[in-house]
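Enquirer: Fold the following.
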Amino acid sequence: MLFMMIVKASKNSEAGNLPSPELIEAMTKYNEELVKAGIRVIAKGLHPSSDGIRISYLNPGEKPTVTYGPFTETKDVIAGFILIDIESKEEAIQWAMRMPDPQGYGEGQIELRQVF
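Expert: Numbering: from 1, shown residues only. The predicted model follows:
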C-alpha cells in the first residue's frame, strides 16, 4: 500500500526559515530509517507558496483561472512529502508518528493519505 505523508506548511516554512541543525539531523536520521526499512519511495521538500501557481476550475466548461502565490492560508499549503510503501494503514500511522516535528517550531502537522 502506498501512503503519502504530507507535511503541511507553516508561517516559518512559508517565510523560508530553515529548520535548526538539530532538526535537520533528526530528519536525516528518520529518512535513513525509512530507507533502511525498505519503505521510502521518495521524500521531497517544496519551495514556499510564493513560488507556487494554482490553476482553479471555477465554472464547468470555462477556461481555468491562474493564481500566483503566495497563498495566505498555510493550512492549505504543503511544505513537502514522503511517499512510503507499507503493509497497512496502521503501519503508516506508526511511521508518521515517528517523524520529528517537521517544522521544529511546534507548528508541524502531517497529513497521511493513501494513494490509489
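Enquirer: count of residues packed around the closest residue to residue 71 other than its chain neighbours?
Expert: Using C-beta to C-beta, 6 or more residues apart in numbering and skipping residues adjacent in sequence, the residue nearest residue 71 is residue 49, 4.3 Å away. C-beta coordinates here come from the backbone N, C-alpha and C atoms, glycine included. Counted with other C-beta atoms under 10 Å, residues neighbouring residue 49 total 22.
Enquirer: and what of the one 10 residues further on?
Expert: Number of residues near residue 59 (other C-beta under 10 Å) recorded here: 9.
Enquirer: per-residue confidence for it?
Expert: On pLDDT, residue 59 comes in at 93.
Enquirer: cool, and residue 51?
Expert: Predicted confidence (pLDDT) for residue 51: 93.
Enquirer: My guess is it contacts residue 77. True?
Expert: No. Using C-beta atoms under 8 Å, residue 51 is not in contact with residue 77, being 11.3 Å away.
Enquirer: The two: who's more crowded?
Expert: residue 77 (19 against 10).
Enquirer: State the distance from that one to residue 95.
Expert: With distances taken as C-beta to C-beta, to the nearest Å, residue 77 is found 23 Å from residue 95.
Enquirer: Next, the contact list for residue 58, please.
Expert: With contact set as C-beta atoms under 8 Å, 6 or more residues apart in numbering, residue 58 has these partners: 64, 65.
Enquirer: ok, it to residue 82 distance?
Expert: Distance, residue 58 to residue 82, by C-beta to C-beta: 32 Å.
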